[in-house]
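J.: Fold the following.
(one chain, ligands or ions: 2)
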Amino acid sequence: MTRHTEAASATDQLMVEARGVRKHYGQLEVLKGIDLEVRNGEVLCLVGPSGSGKSTFLRCINHLERLDGGTLRVNGHLVGFREHEGRLYELREKEVAAQRLDIGMVFQRFNLFPHMTALQNVMEAPVQVHREKPAAARERAMSLLERVGLADKSGAYPAMLSGGQQQRVAIARALAMRPRLMLFDEPTSALDPELVGEVLDVMRGLAADGMTMVVVTHEMGFAREVADTVVFMDGGVVVESGPPADVLGNPQHARTRSFLGKVL
Ligand code: ADP
Ligand code: MG
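T.: Ligands and ions are numbered 1, 2, ... in the order given. As a prediction, this is how the structure comes out:
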């Protein structure tokens, strides 16, 4: 194998490749040049204090923000642009929407459709967006509800479910679109403490099945156990990153130690 093809195949295995990603809101510089990679099948936990830019970075990965600098590739696609014969063309809204179909996102607030049952919530996008046949979508939605431990709640409306159950439906709903990458933005932060474990268990299962995941979380036990890589962000920069045993177990920077002292 030549050096060139080795380099190419290494790039092929990257689900997310951020190079110098910058983002500002007016005068406020939120991302000051983020470099980060997520390999296929990897779980990356993004940790850091409030306001450090974690959610903004996830929004960039999910094509929800226009970058002010740097490049970001997700699943091989340059976010925001199409490359053709060496030139870049800004994507149209429809093309952005098509790229976003590869990505599932789960938020702190579950945002289920309140007038739909758990099953209908999970079936909705496959039927409406992917034009799947309702019978097939229903069968798959049932198997996804089973996967998140909620087969017996398929007919329940969100208001009848606990926060942990709603979040598990939200995960099933994201999985229904067959994403290649799952983004989680503090998925357990809005939950009562006794409901956190059931959501983390579902995420553990996804990781074990090989799903590529970027998880913003303050659950350091989860990060230590499940993450391949932990990235500590502060003030719009990556302060340090590496295996959890290093970043969480033996942090090299005072800022990391100070943050961990507060959350652990
Ligand atoms: P984190 O998720 O790490 O808490 P965020 O990415 O949400 O951080 O926010 C980083 C900074 O950017 C914060 O100071 C926040 O107030 C600011 N910010 C986020 N979104 C916007 C926006 N749409 N307009 C203006 N400022 C924003
Ligand atoms: Mg946030």
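J.: Tell me how far His63 lies from Gly261.
T.: 36 Å (CB to CB, to the nearest Å). (C-beta placed from N, C-alpha, C; glycine too.)
J.: When the two are compared, which one has more neighbours?
T.: His63 (21 against 9; other CB atoms under 10 Å).
J.: Which residues are in contact with the more buried one?
T.: His63 makes contacts with 74, 79-80, 96, 99-100, 103, as judged by CB atoms under 8 Å, 6 or more residues apart in numbering.
J.: Report the two of those separated the most.
T.: Gly80 and Ile103 (13.9 Å; CB to CB).
J.: who's more crowded, these two?
T.: Ile103 (23 against 18).
J.: That one pairs with what?
T.: Using DSSP bridges, the beta-bridge partners of Ile103 come out as Leu181.
J.: Surely it and Arg178 touch.
T.: No: in this structure, Ile103 is not within contact of Arg178 by CB atoms under 8 Å, at 10.9 Å.
J.: okay, now Val47: neighbour count?
T.: There are 26 residues near Val47, going by other CB under 10 Å.
J.: which non-adjacent residue is nearest it?
T.: Nearest residue to Val47 in three dimensions, chain neighbours excluded: Phe232, at 5.6 Å (CB to CB, 6 or more residues apart in numbering).
J.: For that neighbour, list the residues it contacts.
T.: By CB under 8 Å, 6+ apart, the contact list for Phe232 reads 47-48, 238-241, 247, 251, 253, 255-256, 259.
J.: This structure against ligand 1: which residues are in contact?
T.: 25, 28, 30, 48, 50-56 (CB under 6 Å from any ligand atom).
J.: quick one on the thing from earlier: okay if I get the contacts of His63 as TSV plus secondary structure?
T.: Output for these, formatted as TSV (DSSP: H, G, I helix; E, B strand; the rest coil):
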residue	secondary structure
Val74	strand
Val79	coil
Gly80	coil
Val96	helix
Gln99	helix
Arg100	helix
Ile103	strand
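J.: Quick one: buried ones out of those?
T.: 74, 79-80, 99-100, 103 (16 or more other CB atoms under 10 Å).
J.: and which of those is nearest Glu90?
T.: For these, the nearest to Glu90 is Gly80 (6.6 Å; CB to CB).
J.: sec struct for the residue lying closest to Val247 once chain neighbours are set aside, please.
T.: Nearest non-adjacent residue to Val247, counting by CB to CB, 6+ apart: Val230, 4.2 Å away. Secondary structure state of Val230, per three-state DSSP, is strand.
J.: quick one: contacts for Val230?
T.: Counting by CB under 8 Å, 6+ apart, the residues that Val230 touches are 44-45, 47, 223, 241-244, 247-248.
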